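>>> starting from these lines, generate the structure:
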Amino acid sequence: MKARHTRLKSLRDEIVKAGEARQYALAYLVLHRDFEPALTGEPALVATGDLPKSLLTALTSLGDAEKDLADKERTVTAKKAALDTAKAALDDHTKNSGTRLRQEMKDKPVPSAPAPAPAPASAERKK
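Sure thing, here's the model as predicted:
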């Protein structure tokens, strides 16, 4: 693999030099006679047998994962909004609960003390 890559790099450099020297016919000849067969020859650099199927599977998985992520982000946003509402209610309760309690107590009449219970009849008999 490494030797093939080195060969392709040297052919590429040869094509670039020929192009810079305006020797377009030589660049074309090297490209089609040497470079292309070295690039597409055996062994294949990438096995292409299952590539389309693997790519489609990967893209489908990516789409599903992105959809799942979007759903979870919406859930997080909703939960954050609910948390903010609960925090605001807690802050309001903490801040105003004493005042509300005093107002409720002020509005309610104070019950009078109950009358003392009569002494039991058995207590009078003991005398």
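>>> quickly list the domain ranges of this structure.
Following automatic domain parsing, the chain resolves into domains at 1-45, 48-105.
>>> need those domains in JSON lines with mean neighbour count, mean pLDDT and distance to Pro120, can you?
Where you see a C-beta, it was placed from the backbone N, CA and C, and this is true even at glycine. JSON lines is the format used below for the domains of the chain (neighbours: other CB atoms under 10 Å; pLDDT from 0 to 100; distance: least, CB to CB, whole Å):
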{"stretch": "domain 1-45", "mean neighbour count": "12", "mean pLDDT": "77", "distance to Pro120": "109"}
{"stretch": "domain 48-105", "mean neighbour count": "10", "mean pLDDT": "91", "distance to Pro120": "36"}
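>>> quick one: Gly63 from Glu73, how far?
16 Å (CB to CB, to the nearest Å).
>>> still on that earlier bit, which one of the domains of the chain lies closest to Ala115?
Proximity to Ala115, assessed across the domains of the chain by CB to CB, is greatest for domain 48-105 (23.9 Å).
>>> how far away from the center of its chain is the closest one?
Put simply, domain 48-105 sits 10 Å off its chain's centre (CA atoms, centre = their mean, to the nearest Å).
>>> can you pull the contacts of the closest residue to Leu11 other than its chain neighbours?
Of all residues not flanking Leu11 in the chain, Phe35 sits nearest, at 4.5 Å (CB to CB, 6 or more residues apart in numbering). Contact analysis of Phe35 by CB atoms under 8 Å, 6 or more residues apart in numbering lists 8, 11-12, 15.
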